[in-house]
Structure formats: C-alpha cells, structure tokens
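[1] prediction below, plus the sequence it came from.
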Amino acid sequence: MPDLVAIASPGRRRQIIIRSAASCSPLGGALARAGILVLPAPPPGRREGSPAGEGTTNMGLQPPQGSCRGGVPWGAWGTVCTALCCADGLVYALGGMGPDTAPQAQVRVYEPRQDCWLSLPSMPTPCYGASTFLHGNKIYVLGGRQGKLPVTAFEAFDLEARTWTRHPSLPSRRAFAGCAMAEGSVFSLGGLQQPGPHNFYSRPHFVNTVETFDLEHGSWTKLPRGLRMRDKRADFVVGALGGHIVAVGGLGNQPCPLGSAEGFSLARRRWEVLPTMPTARCSCSSLQAGPRLFVIGGVAQGPSQAVEALCLRDGV
C-alpha cells in the first residue's frame, strides 16, 4: 500500500502514476514547493471518519458505499497496484488488487477539501496496474492485469454523467505496457507479450510494439516494424513531452534494468535516442510537470531513492 500520494493542486489537471512511494521521501519537500499536495495514506485499520492517527483493532471493517464523514475510509486503501488519475483537484483511484490478490473493479474519488473518499460506479472490467489518462471530461483506463493474465480492455469514465463506456480492446495481449496520449491518439507501447489462447508453446517475451487508438474514429492501428520502439522494454515510464512520446527505463532482455530513453517525434514520425537516465531502473513512479518528466523511485539493483527528470521542449 503506498504511503505517499502526489496530487495536482486544485483547479489543475494532471495525470499521476503512483506505485509504492516509500523510496520517494526525498521528493516530498520539492513537491510541496511546486504547489503539489503530498497526502499520507491512512495507517492500516483506521476507522472511517476517524481523525488522523486514530486507529481500530477491527481490521475487517469496511465503510458503507458512498460514505463521507470527514475522514479517509480504510476501505479505500484496501488495495494495491491501484491506477490513479487527477481531475480538477480530485484524485480518482481505479481498480487494484484486493487483500485476497483478486483484481478489483471499485472506483473511489478523494475530495481534499472535505478530506474524504466517495464511491463511484465500478469499472466494467476488474483489473490492477492499468494505465490511466485524462482527456476532456473522461478518464480512460487501458490494459492492466488479472493475476498473470494481461487485460486488453479499454474503457472510459465520464466524470459528468458518471457512466462507463467500452472502447475496442487492445489488439495484442501485453502486460506491463506503457501508455500516453498526444494529438488525439492513444499510444500503447512495449510490454511483455503473452501467448494467445490457442498458442500453448509460446513464452512471454519483451516487445517494442506500438499500437495507436484514434479517439475520433474509434479504431486501433498497429504501426509497422519501422516505427516500433528502438528497445524492447516493459515496466517503464511513458510520457508525452516536447512533441514526443517518451519511453524511459524499464526491463528488457538485458540482465539488469534499462537506463535508455527514446522519444517518438510526432512531427518527424520516427523514434530518436534521448539522453540516458542516470540511474537505470524499472517499476518507477512518474510525474509530469511542464517540460519535465520526473522519474521517481523504482528498482535498480534494489529499491531506489533516485529522483531524476527528463527535460524536453517543443521543437527539440
């Protein structure tokens, strides 16, 4: 369960990606100076509606649906690998892995001014570790996992109507893929390719696949081999930065995490080498702020406390 959550300031829209942030404590002061709220997660066993620091011995307590009495319900934090997204100063937590390791479909929204969580309509497809991004008044949820199986679902939650819409599924079965959006298209990159349901002899393998979804026309396109990423990678950081779709770090066929970075130029329609990340790692959190993509924590040879940023401006 994460013990640190970075939230965009009220009134600003920003996607956030958070895994375990225990290794990210050096970033707390920098986030505060940048106007980003740092919210500590409640300790296990905290009662719904209880003030900070007050606990309970009833570890099985689950708050009622839609409860909000000034506290953070413990039930909202009963999952790990939850996908997070910010919209207008609110934090949305989607899915996750429950205490029994089963994928969850629950959706919660955190209201900082009232300091409480509210329940929202559940996702059509339970999953954890999904990619999320905000576009207009919708939160899009892409991929994720159910146990060892990758999820190909692509779904959108309308923040105003509070309803879910299903979009065409991902063409390929890939776990630990990266996702970003630019110029009206969703980019799904890389990952660990899983064998199809009728291919029992193939093994999972790293890929450099690039698939794009046109939001206007509602269709997927698999880019040709010449437009695939330079490196095969999974469990990496992705962002839309300076006119590029950026891929940083992750795991590949090498015996240790990757430090390489590359960007797909939207203007030149090609992948280009970017400066290598000083600390090679995977399983990182990330936060995009202006022209900078912060890569936070993760795993190098062991848990990493590195906080490094890639700066890439338009036209570079």
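    On my side now, so go ahead.
[2] pLDDT score for P204?
    At P204, the pLDDT value in this model is 88.
[3] what distance do you get for it to V151?
    P204 is 15 Å from V151, where distance means C-beta to C-beta, to the nearest Å. Every C-beta, even on glycine, is put in place using the N, C-alpha and C of the backbone.
[4] quick one: which of those two has more around it?
    V151 (25 against 17; other C-beta atoms under 10 Å).
[5] my guess is that one meets G144, correct?
    Yes. Between V151 and G144 there is a contact under C-beta atoms under 8 Å: 4.5 Å.
[6] give me the common contacts of the two.
    Shared contacts of V151 and G144 (C-beta atoms under 8 Å, 6 or more residues apart in numbering): C127, A130.
[7] local confidence estimate at L84?
    Confidence at L84, expressed as pLDDT, is 84.
[8] so after the host helix or strand of it, what's the next helix or strand?
    Using DSSP states H and E, L84 sits in strand 83-87. With elements assigned by DSSP H and E, the helix or strand that comes after strand 83-87 is strand 90-97.
[9] hey, where'd the strands end up in the stretch 51-200 of the chain?
    Under the criterion DSSP state E, counting those that start in this stretch, the stretch 51-200 of the chain contains strands at 83-87, 90-97, 103-111, 116-120, 131-135, 138-142, 145-146, 149-150, 154-158, 163-167, 174-175, 178-182, 185-189, 192-193.
[10] what's the neighbour count on V109?
    Neighbours around V109, by other C-beta under 10 Å: 20.
[11] try T163
    10.
[12] can you pull out the helices in this structure?
    For the chain, helices defined by DSSP state H occupy the ranges 28-33.
[13] sketch out the low-pLDDT regions of it for me.
    Within the chain, the stretches with pLDDT under 70 are 1-78, 196-201, 314-316.
[14] domains of it?
    Using automatic domain parsing, the domains assigned to the chain come out as 1-46+78-169, 172-316.
[15] and the nearest residue to C85 once chain neighbours are set aside, how close does it get to S265?
    Once flanking residues are discounted, C85 sits nearest to T132: 4.3 Å by C-beta to C-beta, 6 or more residues apart in numbering. Relative to S265, T132 is positioned 25 Å away (C-beta to C-beta).
[16] quick one: which of these two has more around it?
    Taking neighbours as other C-beta under 10 Å, T132 and S265 compare with T132 leading, 24 against 14.
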